[in-house]
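Participant: Coordinates for the following, if possible.
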Amino acid sequence: MRISDRLSSRDVDKKGKQESLSRSDVAGSPFVRTLTRNRSEFENYEQELQVLKDELDKVGNELEREPTIANFRTFRDLIGRITKNVTSHAYRLQRVGGTTLNPRCFEIITVIDREADNLYRLIMTENKDRLAITNKILELKGLVVDLKI
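Facilitator: Numbering: from 1, shown residues only. You can find the predicted model right below:
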């Protein structure tokens with residue numbers, strides 16, 4: 001095309017339609033679908049962690065007010081759910097080594113999601129006293145079982 005050549009308005013409209021078609025093709029690509037699915041899963045994961053943390057705070061306060069076995073069980077179950085959730089999403093375990101001549105195998109734990117790891121550490125430090133209560137209850141429960149035997 002020469003500089004002096006001009007496009008007619010029809011050619012410009014056709015060119016714009018072709019570009020918009022190519023953009024819609026990109027939006028339907030497998031990469032974009034996977035990316036949006038992963039983004040929504042990550043957002044759901046963050047929301048789930050926040051809900052579990054709020055629920056843990058509520059149950060922890062209830063455990064401090066009334067240290068009953070039912071409150072203890074719900075607190076312990078929530079701690080377990082949070083730990084399982086964070087460890088399944090925030091860390092990656094990799095085994096290294098283990099040849100036929102040297103059967104040693106090393107495991108490398110890599111932190112994938114630093115924010116989830118930091119949240120987990122924050123939860124554990126905030127609930128330090130409550131965890132001490134649950135440890136005492138488990139200790140007393142063990143003593144009672146020992147007395148029965």
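Participant: Just say helix, strand or coil for L93.
Facilitator: Following DSSP: H, G, I helix; E, B strand; the rest coil, L93 is assigned to strand.
Participant: Look at it and say how many residues are nearby.
Facilitator: If you count neighbours by other Cβ atoms under 10 Å, L93 ends up with 9. Using the backbone N, CA and C atoms, a C-beta is placed for each residue, glycine as well.
Participant: do the same with Y91
Facilitator: 15.
Participant: And for R130?
Facilitator: Residues lying near R130 (other Cβ under 10 Å) number 21.
Participant: Model confidence score at the nearest residue to it once chain neighbours are set aside, please.
Facilitator: Using Cβ to Cβ, 6 or more residues apart in numbering and skipping residues adjacent in sequence, the residue nearest R130 is G60, 4.7 Å away. G60 is assigned 83 on the pLDDT scale.
Participant: wait, is G60 part of a helix?
Facilitator: Yes. The assignment for G60 (three-state DSSP) places it in a helix.
Participant: Does it touch F75 like I think?
Facilitator: Yes. In this structure, G60 is within contact of F75 by Cβ atoms under 8 Å, at 6.2 Å.
Participant: where do the contact lists of the two overlap?
Facilitator: Jointly contacting G60 and F75 under the rule Cβ atoms under 8 Å, 6 or more residues apart in numbering are R130.
Participant: Distance check, V111 against T87.
Facilitator: From V111 across to T87, the span is 11 Å (Cβ to Cβ, to the nearest Å).
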